[in-house]
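Engineer: just to be clear, the model below is a prediction. Sequence and coordinates:
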Amino acid sequence: MTAPGKPSTAEELRGVGLRVTAARVALLDTVREGDHLGVEAIAAGVRDRVGHISLQAVYEALHALTAAGLLRRIEPPGSPARFEGRVGDNHHHLVCRSCGTVADVDCAVGHAPCLTASDNRGFSVDEAEVIYWGLCPACSSTPDDRL
């Protein structure tokens, strides 16, 4: 049961004009409960919930849900695509150079300051994508075996 005022996953799908299927509901719930999941992890989560689903069906559902604005696709350079349920804001990401962990981070100051480009060259900017690179706490505290 959902909290009063919060639409169910099925209602959200209907609200953006998508057909409600068990696979789409499971996929959306899997991504929202996960943490910047890749396609294989999403497929495994959906299979745990509804049984067999092809990888192609997962890709098609991810495309539809992303196009509808229910999911966000991120693809840090050198990393496979990942998906998240945090949409509708202009947050950014921290990526660990060692293990690939991805974490959300809000804009540095106030309301989406990075939407103001120093020179927008006539573009009407509505989103900025910033990726902060470094080492996560676990990798920062691990001795570097490569030295």
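Structural biologist: Everything's here; your move. Numbers count the residues shown, from 1 in each chain.

Engineer: separation between Pro76 and Tyr132?
Structural biologist: 10 Å (Cβ to Cβ, to the nearest Å). Glycine gets a C-beta too; all of them are placed from N, C-alpha and C.

Engineer: ugh, typo on my part, it should be Val95
Structural biologist: When distance is defined by Cβ to Cβ, Val95 is 7 Å away from Tyr132.

Engineer: the two: which is more packed in?
Structural biologist: Between Val95 and Tyr132, Val95 has the larger neighbour count (other Cβ atoms under 10 Å), namely 22 against 11.

Engineer: how about the contacts made by the more buried one?
Structural biologist: 76, 79, 101-102, 131-134 (Cβ atoms under 8 Å, 6 or more residues apart in numbering).

Engineer: repeat that for Ala138.
Structural biologist: If a contact means Cβ under 8 Å, 6+ apart, then Ala138 has 99, 101 as its contacts.

Engineer: re earlier: joint contacts of Pro76 and Tyr132?
Structural biologist: Residues touching both Pro76 and Tyr132 by Cβ under 8 Å, 6+ apart: 93, 95.

Engineer: what pLDDT does the model give the spatially most central residue of the chain?
Structural biologist: The chain has Glu84 as the residue nearest its centroid, 1.9 Å off, counting by Cα atoms, centre = their mean. pLDDT recorded at Glu84 is 96.

Engineer: low-confidence ranges in this protein?
Structural biologist: 1-4, 108-115, 143-147 (pLDDT under 70).
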